[in-house]
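**Student:** what follows is a predicted structure for the sequence shown.
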Amino acid sequence: MKNWIHYVIMVFIVIIILTFIACDDKEPPEQPKNQSTIITSLFDNNASVTIKGYLTDSEWNGVSDIMENALNSRFETVSDAQKEAFRHVYSSRNVIIILEKNPSYNNYNAPILNGNTVYINFGILNNTDALGLSLSRTNQVMNGNTDTPKEG
């Protein structure tokens, strides 16, 4: 009888140990997904933009604030004529900015002259100068400026 009880207790202990070993409490790695937000408070509340990206939630966290601040800051530093160009594009074209990780371009790509969709390298989001310059140049291309490179 004693052996039988010992046997049951040992089997029970082995089952408990195997259960703990088999349980992996690690969270699966975050997976990227399509993300999107609309910023409506641009350029004295006269314009808006849709920001999109295939990013994880952690990567996406703060993107809206960064882009809103970058666009509004750039707007404040340009000439009155350039301000009008920003207002014109962003208030009339339903502009879409797509953030891309590991693109073939360095900072930005505005493939269509007078278009409404531009691409920004996700890697420059925390580089205020590069992001601001890229937003200015993409705006120039969307305004039809043929002297501005479509990619940079």
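**Tutor:** Sure thing, it's come through. Every value quoted in this text rests on a predicted model; they were computed, and no experiment measured them.

**Student:** when you work out contacts or count neighbours from here on, use the C-alpha atoms and nothing else.
**Tutor:** Will do.

**Student:** could you tell me the end-to-end distance of stretch 103-116?
**Tutor:** Across its full length, stretch 103-116 reaches 19 Å between end residues, using Cα to Cα, to the nearest Å.

**Student:** ditto for stretch 140-152
**Tutor:** Start and end residues of stretch 140-152 are separated by 13 Å (Cα to Cα).

**Student:** with stretch 142-152 instead?
**Tutor:** End-to-end span of stretch 142-152 (Cα to Cα): 14 Å.

**Student:** contacts for that stretch next, please.
**Tutor:** Under the contact criterion Cα atoms under 8 Å, 6 or more residues apart in numbering, stretch 142-152 has outside partners 85, 89, 105-116, 134, 137-138, 140-141.

**Student:** are any of those buried, and which?
**Tutor:** 85, 89, 107-111, 113-116, 134, 137-138, 140-141 (16 or more other Cα atoms under 10 Å).

**Student:** looking at those, point me to the pair that's furthest apart.
**Tutor:** Ala85 and Asn107 (20.9 Å; Cα to Cα).

**Student:** closest one of the buried ones among the contacts of stretch 142-152 to Ile96?
**Tutor:** The nearest member of the buried ones among the contacts of stretch 142-152 to Ile96, counting by Cα to Cα, is Asn116 at 6.2 Å.

**Student:** which residues does the closest residue to the closest one other than its chain neighbours contact?
**Tutor:** Take Asn116 and drop its neighbours on the chain: the residue closest to it by Cα to Cα, 6 or more residues apart in numbering is Val95, 4.7 Å away. Neighbouring residues of Val95 by Cα under 8 Å, 6+ apart: 48-50, 89, 116-118.

**Student:** give me the pLDDT value at Val95.
**Tutor:** Per-residue confidence (pLDDT) for Val95: 92.

**Student:** strands of the chain, start to end?
**Tutor:** Using DSSP state E, the strands of the chain run over residues 33-42, 47-55, 96-100, 108-109, 117-121.
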